[in-house]
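Student: please work out how this folds:
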Amino acid sequence: MNDKLDIQTHVDKLSAEMRRGLTVLVVMSQLNEPVYAYSLLKKLEEKGFEISQDALYPLMRKLDEQGYLNSDWKVDESRPRRYYQLSYLGEAVYTALKAEWKEQFEQVIHIIYQENEK
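Tutor: Sure, this is the predicted structure:
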């Protein structure tokens, strides 16, 4: 077995786990204005953050059910679409999550770079 290929398989799996942990934060960051799920999917892909429909759609429903999003059906287009936007609660939670992520990111950078360079 090719060791380099085997290592890359492990890296890919662990990298996917890290991305899953950040998905809620990334999705919430894009919901400051009304957007429907498929357009959000494409917007995230354009920014280099790929997420499957099978992951995004249930996440949007979950965030909506938890009160973090306001959603509204628009039927005046060619097909009915459900638009999502952060609710007041969602904005507050997103702001807190973003601050928490920044703190954790800085701690991780300190741990894996500064401490190991001694």
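Student: when you work out contacts or count neighbours from here on, use the C-alpha atoms and nothing else.
Tutor: Fine.
Student: now find how far off-centre stretch 38-45 is within its chain.
Tutor: 11 Å (C-alpha atoms, centre = their mean, to the nearest Å).
Student: the longest helix seen in the chain: what's the following helix or strand?
Tutor: The residue-count maximum for a helix in the chain (DSSP state H) belongs to helix 3-29. Where DSSP states H and E defines the elements, the next helix or strand beyond helix 3-29 is strand 35-36.
Student: any weak-confidence spans in the chain?
Tutor: Where the chain drops to pLDDT under 70, the residues are 1-5, 115-118.
Student: the longest helix of the chain: how far from the chain's middle?
Tutor: 12 Å.
Student: ok, and for it, which residues are buried?
Tutor: Under the neighbour-count criterion of 16 or more other C-alpha atoms under 10 Å, helix 3-29 has 23-28 buried.
Student: one more: stretch 37-53?
Tutor: For stretch 37-53, by 16+ other C-alpha under 10 Å, it's 37, 40-41, 44, 51.
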